[in-house]
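**Q** this one's sequence-less:
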């Protein structure tokens with residue numbers, strides 16, 4: 001019997017820098033899981049991502065997480081999340097602006113409705129320290145700036161559509 005998945009209608013994009021996620025997609029026949037989800041499984045508490053491991057903005061992320069946990073608990077955590085982009089344009093902007101000079105594999109991602117997803121304007125993260133709490137609230141409310149750079153935060157499963165071509 002074939003199992004069907006109720007996906008959100010949109011295709012998202014992820015820019016992967018390591019072969020780990022690509023390998024996991026091949027092993028899982030397209031299915032991958034956010035490290036934030038895997039870390040909830042006993043024995044996998046230390047699952048992480050390259051961003052979480054090498055994050056130089058830990059104090060900022062702690063503020064974002066505190067605001068999320070206390071005021072927006074229905075939203076997925078950014079800590080160890082799978083980050084996606086809601087459009088190819090947003091992914092390409094990140095590839096050149098955030099990851100310029102790095103080799104990244106573009107993955108087309110579908111998100112099941114059972115996974116938590118929050119799309120926000122990453123420009124909120126550009127705020128300076130005195131305004132971090134207000135900026136975090138804007139981020140979690142999904143407010144959009146005049147020149148948005150959208151990102152999606154995923155907790156749970158995702159499906160890599162082009163996994164056989166990787």
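**A** Received, thanks. On a predicted model such as this, the values are computed, not experimentally measured, just so you know.

**Q** tally of neighbours for residue 30?
**A** Neighbourhood size, residue 30 [other C-beta atoms under 10 Å]: 18. C-beta here means a position set from N, CA and C on the backbone, and glycine is covered the same way.

**Q** repeat for the one 4 residues further on
**A** Neighbour count for residue 34, taken as other C-beta under 10 Å: 25.

**Q** and if you look at residue 9?
**A** Neighbouring residues of residue 9 were enumerated by other C-beta under 10 Å; the total is 7.

**Q** what about it, which helix or strand?
**A** Assigned by DSSP states H and E, residue 9 belongs to neither a helix nor a strand.

**Q** Now do it against residue 72, distance only.
**A** From residue 9 over to residue 72 the distance is 24 Å, taken as C-beta to C-beta, to the nearest Å.

**Q** Not counting sequence-adjacent ones, nearest residue to residue 136?
**A** On the basis of C-beta to C-beta, 6 or more residues apart in numbering, the spatially nearest residue to residue 136 that is not a chain neighbour turns out to be residue 67, at 4.0 Å.

**Q** So which bits of the one helix or strand that neighbour maps to are buried?
**A** Element membership of residue 67 [criterion: DSSP H and E] is helix 58-71. For helix 58-71, burial by neighbour count (16 or more other C-beta atoms under 10 Å) applies to 60-61, 64, 67-68.

**Q** again with stretch 116-126
**A** Buried residues in stretch 116-126, defined by neighbour count with 16+ other C-beta under 10 Å: 116-125.

**Q** So what would you say the end-to-end distance of it is?
**A** For stretch 116-126, the separation between the terminal residues is 24 Å (C-alpha to C-alpha, to the nearest Å).

**Q** Residues contacting that stretch, please?
**A** Identification of contacts with stretch 116-126 by C-beta atoms under 8 Å, 6 or more residues apart in numbering yields 8, 60, 64, 75-76, 86, 111, 135-136, 138-140, 142-145, 147-156.

**Q** How much space separates residue 68 from residue 79?
**A** When residue 68 is compared with residue 79 (using C-beta to C-beta), they lie 9 Å apart.

**Q** And for residue 27?
**A** 24 Å.

**Q** Residue 101 too?
**A** Noted for residue 101: a distance of 26 Å to residue 79, by C-beta to C-beta.
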